[in-house]
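**Student:** requesting a structural model of the entry that follows:
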Amino acid sequence: MTSQLFYKKLLQAYNVRLLSDNFIFSSIRWLINSRYREMSNLNNWLSKELINPDEELVILADKLVGKDDDETVINVLRWVSKNIKYKADIGEEWIRPMETLKRKQADCEDQNTLVYVLCRLAGVHQYKLLCGIGDMTDGGHFWVMYYSTKYMKLVSIDATYYTKLISIANREEFNDLSYHKNIWYLFNEDIVVKSIPV
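**Tutor:** Here you go, the predicted structure:
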């Protein structure tokens with residue numbers, strides 16, 4: 001099964017409404033720095049952080065590896081939630097995960113990018129992780145979703161919005177009607193999916 005077909009079936013199973021059958025886009029450009037009008041392809045933003053990762057991130061990720069991917073993801077979420085404080089952006093500026101680690105404070109896209117990168121560096125396969133961008137009850141948001149092959153469910157892993165530090169087994173399955181008003185894009189290093197606003 002191709003990765004595109006896998007993601008299509010996964011998202012349809014969890015009530016994430018897609019634009020059409022032709023939902024995979026090779027590049028969606030996103031404003032990552034409003035001060036300098038810098039744009040980046042969403043999937044390239046993640047790829048750059050994983051091609052040649054900072055040594056400190058690799059060491060930290062190794063410390064967070066659990067007995068399986070489910071435990072690893074929760075270990076990462078707990079570490080980021082405990083050690084990185086939320087601070088809203090003034091303007092839009094996506095910072096590198098290593099910079100988030102140094103600053104010890106960040107907004108949603110920076111904290112959740114750190115979650116994604118640490119999970120990947122800890123060995124969680126990209127097919128199990130998706131980043132989301134969309135509207136929540138309180139405005140625009142960036143979060144991470146994880147697919148557990150053990151429990152066969154997709155769950156939200158979010159370090160900044162109604163953060164839950166409970167196990168994967170005890171998490172509700174994700175659907176796009178839970179806290180999300182509109183999902184604009186779902187992506188990882190492999191794909192970018194555009195979804196229909198709810």
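**Student:** scan the protein for its longest strand.
**Tutor:** The longest strand of the chain (DSSP state E) is strand 139-148.
**Student:** elements contacting that one?
**Tutor:** helix 69-83, helix 108-121, strand 129-136, strand 153-157 (3 or more CB pairs under 8 Å, 6 or more residues apart in numbering; DSSP states H and E). C-betas here are computed from N, CA, C, even on glycine.
**Student:** among those, which comes closest to Trp45?
**Tutor:** Of all these, it is helix 108-121 that lies closest to Trp45, at 7.8 Å by CB to CB.
**Student:** quick one: the closest one to helix 69-83, angle?
**Tutor:** 140 degrees (axes from the mean of the first three to the mean of the last three CA atoms, to 10 degrees).
**Student:** list the buried ones in helix 108-121?
**Tutor:** 108-121 (16 or more other CB atoms under 10 Å).
**Student:** contacts only, for Ile166.
**Tutor:** Counting by CB atoms under 8 Å, 6 or more residues apart in numbering, Ile166 touches Ile74.
**Student:** distance check, it against Ala88.
**Tutor:** Ile166 is 26 Å from Ala88, where distance means CB to CB, to the nearest Å.
**Student:** got the CA positions of stretch 111-124 in CSV?
**Tutor:** Extracted C-alpha coordinates of stretch 111-124, given in CSV (Å, rounded to 0.1, in the frame of the first residue of the first chain):
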residue,chain,number,x,y,z
GLN,A,111,6.2,23.3,21.0
ASN,A,112,4.3,20.8,18.8
THR,A,113,7.1,20.8,16.2
LEU,A,114,9.4,19.9,19.0
VAL,A,115,7.0,17.0,20.0
TYR,A,116,7.0,15.8,16.4
VAL,A,117,10.8,16.0,15.9
LEU,A,118,11.5,14.3,19.3
CYS,A,119,9.1,11.5,18.5
ARG,A,120,10.7,10.9,15.1
LEU,A,121,14.2,11.0,16.5
ALA,A,122,13.1,8.5,19.2
GLY,A,123,12.2,6.1,16.4
VAL,A,124,8.4,6.6,15.9
